[in-house]
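In: using only what follows, build the 3D model:
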Amino acid sequence: MNKEINLKGRDVLKIKALPGVFDYKEDTKMKGKKYRRFSYNGAVFIANTEDEFVTLKDSGKLYSADLQLTMDGEKAVLTLLNQTSSTQEKEMAKTESELNYILNSFNPAKVDESLLNDLA
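Out: Numbering: from 1, shown residues only. Next up, the predicted model:
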(Lines give C-alpha, C1' and ligand atoms only; values in the text may rest on other atoms or scores of the structure.)
Protein backbone atom coordinates (compact mmCIF):
# COMPACT_ATOMS: atom_id res chain seq x y z
CA MET A 1 0.00 0.00 0.00
CA ASN A 2 1.32 3.42 -1.00
CA LYS A 3 -0.51 6.51 0.12
CA GLU A 4 0.58 10.11 -0.34
CA ILE A 5 -0.08 12.46 2.54
CA ASN A 6 -0.07 16.18 1.78
CA LEU A 7 0.11 18.36 4.86
CA LYS A 8 -0.08 22.14 4.79
CA GLY A 9 -0.66 25.03 7.11
CA ARG A 10 -1.60 24.00 10.62
CA ASP A 11 -1.40 20.31 9.68
CA VAL A 12 2.42 20.48 9.55
CA LEU A 13 2.34 21.40 13.24
CA LYS A 14 1.31 17.78 13.83
CA ILE A 15 4.75 16.61 12.66
CA LYS A 16 6.73 15.96 15.83
CA ALA A 17 10.50 16.02 16.13
CA LEU A 18 11.77 13.01 18.05
CA PRO A 19 14.82 13.36 20.30
CA GLY A 20 18.31 12.57 19.09
CA VAL A 21 20.65 12.93 16.14
CA PHE A 22 21.86 9.71 14.57
CA ASP A 23 24.66 8.59 12.25
CA TYR A 24 23.75 6.84 9.02
CA LYS A 25 25.02 3.26 8.86
CA GLU A 26 28.53 2.74 7.54
CA ASP A 27 27.32 0.65 4.58
CA THR A 28 25.03 3.37 3.12
CA LYS A 29 25.74 6.12 0.63
CA MET A 30 24.97 8.59 3.45
CA LYS A 31 27.91 7.32 5.53
CA GLY A 32 29.44 10.15 7.55
CA LYS A 33 26.22 12.19 7.63
CA LYS A 34 23.58 12.48 10.31
CA TYR A 35 19.79 12.30 10.43
CA ARG A 36 16.94 13.16 12.73
CA ARG A 37 13.65 11.36 13.26
CA PHE A 38 10.16 12.85 12.99
CA SER A 39 6.72 11.33 13.46
CA TYR A 40 3.27 11.92 12.07
CA ASN A 41 0.25 9.95 13.30
CA GLY A 42 2.51 7.41 14.97
CA ALA A 43 4.63 6.62 11.91
CA VAL A 44 8.27 7.72 11.83
CA PHE A 45 10.36 9.20 9.03
CA ILE A 46 13.90 10.53 8.90
CA ALA A 47 15.47 13.63 7.41
CA ASN A 48 19.12 14.41 6.88
CA THR A 49 20.25 17.09 9.33
CA GLU A 50 21.42 19.14 6.33
CA ASP A 51 18.01 18.92 4.62
CA GLU A 52 15.97 22.10 4.24
CA PHE A 53 13.04 20.32 5.92
CA VAL A 54 14.92 20.21 9.23
CA THR A 55 15.82 23.90 9.05
CA LEU A 56 12.24 24.89 8.19
CA LYS A 57 10.74 22.66 10.90
CA ASP A 58 13.13 23.95 13.56
CA SER A 59 12.53 27.61 12.62
CA GLY A 60 8.73 27.29 12.47
CA LYS A 61 8.72 28.25 8.78
CA LEU A 62 7.57 24.90 7.40
CA TYR A 63 4.32 25.41 5.47
CA SER A 64 3.78 22.10 3.70
CA ALA A 65 5.17 18.58 3.64
CA ASP A 66 4.47 15.73 1.28
CA LEU A 67 4.91 12.29 2.80
CA GLN A 68 4.47 8.80 1.42
CA LEU A 69 3.04 6.10 3.67
CA THR A 70 3.98 2.50 2.95
CA MET A 71 3.59 -0.66 4.99
CA ASP A 72 6.56 -2.85 5.89
CA GLY A 73 4.71 -5.87 7.18
CA GLU A 74 2.59 -4.42 9.96
CA LYS A 75 4.87 -1.42 10.44
CA ALA A 76 3.84 1.92 8.90
CA VAL A 77 6.77 3.72 7.25
CA LEU A 78 6.76 7.35 6.17
CA THR A 79 9.08 8.90 3.60
CA LEU A 80 9.55 12.64 3.21
CA LEU A 81 9.08 13.62 -0.44
CA ASN A 82 8.92 17.44 -0.55
CA GLN A 83 8.31 20.53 1.51
CA THR A 84 7.67 24.25 1.10
CA SER A 85 8.31 27.20 3.38
CA SER A 86 5.84 29.88 4.42
CA THR A 87 8.02 32.41 2.55
CA GLN A 88 7.80 30.41 -0.68
CA GLU A 89 4.03 30.09 -0.31
CA LYS A 90 3.57 33.84 0.36
CA GLU A 91 5.65 34.77 -2.68
CA MET A 92 3.76 32.31 -4.87
CA ALA A 93 0.41 33.65 -3.64
CA LYS A 94 1.53 37.21 -4.49
CA THR A 95 2.68 36.12 -7.94
CA GLU A 96 -0.55 34.25 -8.63
CA SER A 97 -2.59 37.24 -7.44
CA GLU A 98 -0.67 39.61 -9.72
CA LEU A 99 -1.02 37.28 -12.70
CA ASN A 100 -4.73 36.82 -12.00
CA TYR A 101 -5.18 40.59 -11.89
CA ILE A 102 -3.40 41.01 -15.22
CA LEU A 103 -5.34 38.21 -16.90
CA ASN A 104 -8.72 39.33 -15.58
CA SER A 105 -8.19 43.07 -16.01
CA PHE A 106 -7.05 43.03 -19.60
CA ASN A 107 -10.05 44.07 -21.62
CA PRO A 108 -9.11 45.04 -25.15
CA ALA A 109 -11.46 47.44 -26.84
CA LYS A 110 -13.63 46.00 -29.54
CA VAL A 111 -12.26 47.15 -32.85
CA ASP A 112 -14.98 48.20 -35.24
CA GLU A 113 -15.35 50.74 -38.01
CA SER A 114 -16.45 53.47 -35.57
CA LEU A 115 -13.28 53.09 -33.47
CA LEU A 116 -11.08 53.10 -36.56
CA ASN A 117 -12.74 56.31 -37.78
CA ASP A 118 -12.20 57.93 -34.36
CA LEU A 119 -8.52 57.03 -34.47
CA ALA A 120 -7.99 58.40 -37.98
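In: other residues contacting stretch 64-81?
Out: With contacts defined as C-beta atoms under 8 Å, 6 or more residues apart in numbering, stretch 64-81 is touched by 1-9, 12, 15, 38-40, 42-47, 51, 53, 82-84, 89. For glycine as for every other residue, the C-beta is placed from the backbone atoms N, C-alpha and C.
In: any buried residues in that stretch, and which?
Out: 64-65, 67, 69, 76, 78, 80 (16 or more other C-beta atoms under 10 Å).
In: quick check: next helix or strand after the longest helix along the chain?
Out: Using DSSP state H to define each element, the chain has its longest helix at helix 86-105. Next in sequence after helix 86-105, counting helices and strands by DSSP states H and E, comes helix 113-119.
In: follow-up on the earlier one: of the contacts of stretch 64-81, which belong to strands?
Out: Among the contacts of stretch 64-81, the members falling in strands (DSSP state E) are 2-8, 38-40, 43-47, 82-84.
In: sketch out the low-pLDDT regions of this protein for me.
Out: 107-110, 120 (pLDDT under 70).
In: let's see that with 80 instead.
Out: 1, 105-116, 118-120 (pLDDT under 80).
In: based on its surroundings, how many neighbours for the closest residue to Val54 other than its chain neighbours?
Out: Nearest non-adjacent residue to Val54, counting by C-beta to C-beta, 6 or more residues apart in numbering: Ala47, 5.2 Å away. For Ala47, the count of nearby residues is 19 (other C-beta atoms under 10 Å).
In: mind listing what's buried in the longest helix of the chain?
Out: Using 16+ other C-beta under 10 Å as the test for burial, helix 86-105 gives Ser86.
In: ok, for Arg37, nearest residue in space, not its chain neighbours?
Out: Distance criterion C-beta to C-beta, 6+ apart; nearest residue to Arg37, sequence neighbours excluded, is Leu18 at 4.1 Å.
In: what about the one you found, which SS state?
Out: strand (DSSP: H, G, I helix; E, B strand; the rest coil).
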